[in-house]
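> structure, please.
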Amino acid sequence: MRITDILVHQPLGLVRIRTDAGIEGLCDGASEEAARVIPAIYGPVLIGRDPLDREWIWQRLHNFDRERYVTENRIRGLIDVALWDLAGKAAGVPVWQLIGGARDRIPCYRSGHELPNVEDYVNDALHHQAQGFKGYKDHCHNGPEFMMTVAREARSAVGPDFHLMHDANAIYIYTEAIRVGRELERQDYTWFEEPLSDYDYHGLQRLAGELDIPILATEYLPGSIWSTAQVVTMQACDIIRASITWRGGITDVLKLARLAEAFGMKIEITSGGVCWYFAHANCYGAIHNTTFCEHWERTPDPIVTNHLPVVDGHMHMPTQPGLGFELDWDLVQARTERVVSAAEVA
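Reported below is the predicted structural model:
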C-alpha cells in the first residue's frame, strides 16, 4: 500500500490521505498555513511511501520541520492522526485497539468557562454534578483571593466525593500560586493546572516541591517529548498535560504517555482535540495512565453522523475501524470552497 495523494479541503480544514488500496485516512483542523505546508512541503516526502511506516514518517517530518522552519507541531500532527485513522481502517479495528486497548470507557469531568461571580462557579459545578459528570474544572482568572473563595464554596456545595480542579492558565506569580495551592489542598482539589508558565521550569520545580497537590503542566510547551522530558527530570510537575492539537499527533501523545509511565506519572489529555473528540478518545482507550476525559459543552457538528456517547458520566470509546467517526459527505462538499492536492502541487 502506497500514499498516492494528500487532499486538504478548505475552509473546512479536512485532510485526506489517499492510497492505492482505496483506503483513506482523515483528520480535521487544517489551517490556511497547514493547507500550504501539507501539499507543498510534506507531499513530496509522503507520496509513494507506505502509510503504515508511521514512525519513519514521524521522524522524517520532525526533522523536516526543523529544516524548513515549520513552527507548528499541529501541522505534523494532522498527518499523524490521519495515518492512524488509515491504519485502523486497513486493519479493520478502532485505533485504540490497534495501539493496544486499555479501556472501553473513561470518566468525564466538565470543563467550565471563566465566570464573573463566585456563585456562578458554584452553580456551574453543581449543575454538571447533577448531569452525572465525575468532576468539574474551573477556569477562574479573577485573582488569588477570589479563587480561594471559589474553592471553599465549591467544595462545600458539591461534597467530598466529587473531583474539583483549578486551571489557572499561568496567571499567578510564584507567591500567589503557593497561597492558592495551599487552599486547594485544604479543599481536596484533584490537581492544580498550569499555575505558572510552562516555560518557567525553575518556578514549577519550586512549586511542585513545596505543594502536596499535584501540579499539572506542559500543555502549551513546544518541543513535544524533548522539552517535556526536561520538566519531568527536573521534577517540575506531577502530571503531564498533552493534546494532539498542540503537542503533535497521536504518536506524540503515545510517546509522552510512555515517558510519564516510566516515571510513575499520569498523563492527562486536554480538551476535545481534532476530529470531534474521536482522536483523543482513541488515546484514552489505549493509554492506561490517564484518568479523565476533559469534556466541553459544545453543539454537536452535523457533519459527523455518529457522535461519541457520554453515559453516566463516562465517554465510551469508538467502535468503528480507524478513528471511528463517520462524515456526511454532502455537508463536506457544501462546506468546501477549494481542494488542494499534493499530487497536483508536485
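> please name the residues that touch residue 163.
By C-beta atoms under 8 Å, 6 or more residues apart in numbering, residue 163 lies in contact with 109, 134-136, 190, 292. All C-beta spots, glycine's among them, are computed from the backbone N, C-alpha and C.
> tell me the bridge partners for the nearest residue to it once chain neighbours are set aside.
When the adjacent residues along the chain are set aside, residue 163 lies closest to residue 135, with 2.9 Å between them (C-beta to C-beta, 6 or more residues apart in numbering). Beta-bridge partners for residue 135, by DSSP bridges, are residue 109, residue 163.
> okay, now residue 135: neighbour count?
As a burial measure, the neighbour count of residue 135 was computed by other C-beta atoms under 10 Å and equals 24.
> let the chain start at 22 from now.
Got it, the first residue is 22 from now on, which makes the last one we talked about residue 156.
> check the residue nearest to residue 61 when sequence neighbours are not counted and give its pLDDT.
Nearest-residue entry for residue 61: residue 366, 5.1 Å, with adjacent residues in sequence omitted and distances by C-beta to C-beta, 6+ apart. According to the per-residue confidence, residue 366 scores 77 in pLDDT.
> just give the number of residues close to residue 366.
Counted with other C-beta under 10 Å, the burial measure for residue 366 works out to 15 neighbours.
> same thing with residue 293?
The tally of other residues near residue 293 (other C-beta under 10 Å) stands at 22.
> next one: residue 73
For residue 73, the number of neighbouring residues by other C-beta under 10 Å comes to 15.
> how close does it get to residue 34?
The spacing between residue 73 and residue 34, counted by C-beta to C-beta, to the nearest Å, is 25 Å.
> in contact with the residue nearest to residue 61: list those residues for me.
60-61, 64.
> now these in TSV, with neighbour count, pLDDT and distance to residue 332?
TSV is the format used below for the contacts of residue 366 (neighbours: other C-beta atoms under 10 Å; pLDDT from 0 to 100; distance: C-beta to C-beta, whole Å):
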residue	neighbour count	pLDDT	distance to residue 332
60	25	90	40
61	14	89	44
64	21	93	41
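> among those, name the ones in helices.
Counting by DSSP state H, the part of those found in helices is residue 64.
> want to throw the contacts of residue 366 into JSON lines with distance to residue 199?
Putting the contacts of residue 366 into JSON lines (distance: C-beta to C-beta, whole Å) gives the following:
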{"residue": "60", "distance to residue 199": "49"}
{"residue": "61", "distance to residue 199": "49"}
{"residue": "64", "distance to residue 199": "50"}
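> now, which of the contacts of residue 366 sits nearest residue 138?
Checking these against residue 138 by C-beta to C-beta gives residue 60 as the nearest, at 48.8 Å.
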